[in-house]
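Engineer: here are the coordinates; sequence isn't available:
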Ligand code: VAH
């Protein structure tokens, strides 16, 4: 069976539903520290579980005979700046628990999400390469950079089959994101429908790598489906789909909601966004396991406005 930790989060919710669709509802155990959407809770087994609690995690793994774990539980960039030590504890101890279960052969395969947040202010900003300067200036970014080093170490040292993707900002409508800097790219659609206007917490020219959730889920399933020898990068793969600014989003929204207006009130999240790249080179993922995106900004806007209406 498959276990998802953090199954009620923005990625976890859709990953759980996609895995249940593919492997059958009873084969996919959802877990989190709180219950999730009605659709998620109704579609298969659920366990209340704190991913930092090794004993509780091991019990669930043994009870359900788990072979694969998707560790989606984490504290994201904005919240992590407010609670650095809680973020480090959650993001790192959950990873150590899962890597050690794999090292002890209690599970066979691990997916762990990294982020473009591993890059920092002196990383090349355009077409950021797979291997480059990484001096993250956020707690979240430090935890993701350190997590990548541990994943690579456990693979090389103990043969652990852990696979990882550096997600861009993710846009989806099924579950609200929690505490991310790129949450503006979701909020803008929700507010466009509700109020016809949005006050954006990053500046209009803030251009960031973004991806629609369907592409992110498809990439996650693809990297896990690949043969082990195809996965040459065991830290984490760069992954890309599109890059745009809030101004680009507003223009795209106005094609559907002509009167939509936006103003900009940058807050502490501006400095986080400014430390990240504007576009990503994901040629390694394309080459090693056949990655290619399907959603551009226009298609994303259509999907979001249609489903949020
Ligand atoms: C965040 N959505 O904003 C996450 C992601 C690249 C951004 O890591 O923290």
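Structural biologist: That came through fine. Small disclaimer: the values here were computed from a predicted structure and weren't measured.

Engineer: Give me the outermost residue of this structure relative to its centroid.
Structural biologist: Centroid-distance maximum for the chain: residue 259 at 32.1 Å, with C-alpha atoms, centre = their mean.

Engineer: Ramachandran coordinates for that residue?
Structural biologist: phi -90, psi 0 (degrees, to the nearest 10).

Engineer: So which residue is smack in the middle of this structure?
Structural biologist: Among the residues of the chain, residue 167 comes closest to the average C-alpha position under C-alpha atoms, centre = their mean, at 5.1 Å.

Engineer: Next, the contact list for that residue, please.
Structural biologist: Contact analysis of residue 167 by C-beta atoms under 8 Å, 6 or more residues apart in numbering lists 11, 113, 114, 115, 116, 211, 216, 239. C-beta coordinates here come from the backbone N, C-alpha and C atoms, glycine included.

Engineer: Retrieve the pLDDT associated with the fourth one.
Structural biologist: In this case it means residue 115. You'll see residue 115 listed with a pLDDT of 98.

Engineer: for it, which residues make a bridge with it?
Structural biologist: Taking DSSP bridges, one finds residue 167 as the beta-bridge partners of residue 115.

Engineer: which residues touch it?
Structural biologist: 77, 140, 141, 144, 166, 167.

Engineer: Between these, which sits nearest the ligand?
Structural biologist: Nearest to the ligand, judged by C-beta to the nearest ligand atom, of those is residue 77 at 3.2 Å.

Engineer: Would you mind naming what in the stretch 1-150 of the chain lies close to the ligand?
Structural biologist: Residues of the stretch 1-150 of the chain found near the ligand (C-beta under 6 Å from any ligand atom) are 76, 77, 115, 116, 117, 140.

Engineer: Look up which helix or strand the closest residue to the fifth one other than its chain neighbours falls in, please.
Structural biologist: Meaning residue 117. Nearest non-adjacent residue to residue 117, counting by C-beta to C-beta, 6 or more residues apart in numbering: residue 141, 4.0 Å away. In the assignment (DSSP states H and E), residue 141 maps to helix 139-158.

Engineer: which other helices and strands contact that helix?
Structural biologist: Under the contact definition 3 or more C-beta pairs under 8 Å, 6 or more residues apart in numbering; DSSP states H and E, helix 139-158 sits against helix 77-82, helix 84-88, helix 94-103, strand 109-115, strand 162-167.

Engineer: buried sites along the second one?
Structural biologist: Of all the residues in helix 84-88, those buried under the rule 16 or more other C-beta atoms under 10 Å are 87, 88.

Engineer: Next up, the contacts around whatever residue of the stretch 51-200 of the chain ends up closest to the ligand.
Structural biologist: As assessed by C-beta to the nearest ligand atom, the ligand sits closest to residue 180 within the stretch 51-200 of the chain, at 2.8 Å. The neighbourhood of residue 180, defined by C-beta under 8 Å, 6+ apart, consists of 10, 76, 77, 78, 169.

Engineer: next one: residue 79
Structural biologist: 87, 178, 179 are the contacts of residue 79 under C-beta under 8 Å, 6+ apart.

Engineer: now those residues as TSV including pLDDT?
Structural biologist: Below are the contacts of residue 79 laid out as TSV (pLDDT from 0 to 100):
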residue	pLDDT
87	98
178	89
179	95
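
Engineer: how far away is the closest residue to residue 163 other than its chain neighbours from the ligand?
Structural biologist: Sequence neighbours aside, residue 223 is the residue nearest to residue 163 in space, at 5.1 Å (criterion: C-beta to C-beta, 6+ apart). Look at residue 223 and the ligand: by C-beta to the nearest ligand atom, to the nearest Å, they are 17 Å apart.

Engineer: where does residue 223 land in three-state SS?
Structural biologist: Recorded secondary structure, residue 223: helix (DSSP: H, G, I helix; E, B strand; the rest coil).

Engineer: Touching, it and residue 236? I think so.
Structural biologist: No. Taking C-beta atoms under 8 Å as the definition, residue 223 is not a contact partner of residue 236, at 10.0 Å.

Engineer: list residues touching both of those two?
Structural biologist: With C-beta under 8 Å, 6+ apart, residue 223 and residue 236 have common neighbours residue 165.

Engineer: For the lowest-mean-pLDDT helix or strand in the chain, enumerate the helices and strands it packs against.
Structural biologist: Least confident element among the helices and strands of the chain, by mean pLDDT, DSSP states H and E: helix 38-42 (a mean of 94). Contacts defined by 3+ C-beta pairs under 8 Å, 6+ apart place helix 38-42 against helix 10-23.

Engineer: quick one: strands adjacent to whatever helix or strand comes next after the helix it packs on?
Structural biologist: Per DSSP H and E, helix 10-23 leads on to strand 28-32 as the next helix or strand towards the C-terminus. In the sheet, strand 28-32 lines up against strand 2-5 (parallel), strand 46-48 (parallel) (DSSP bridges).
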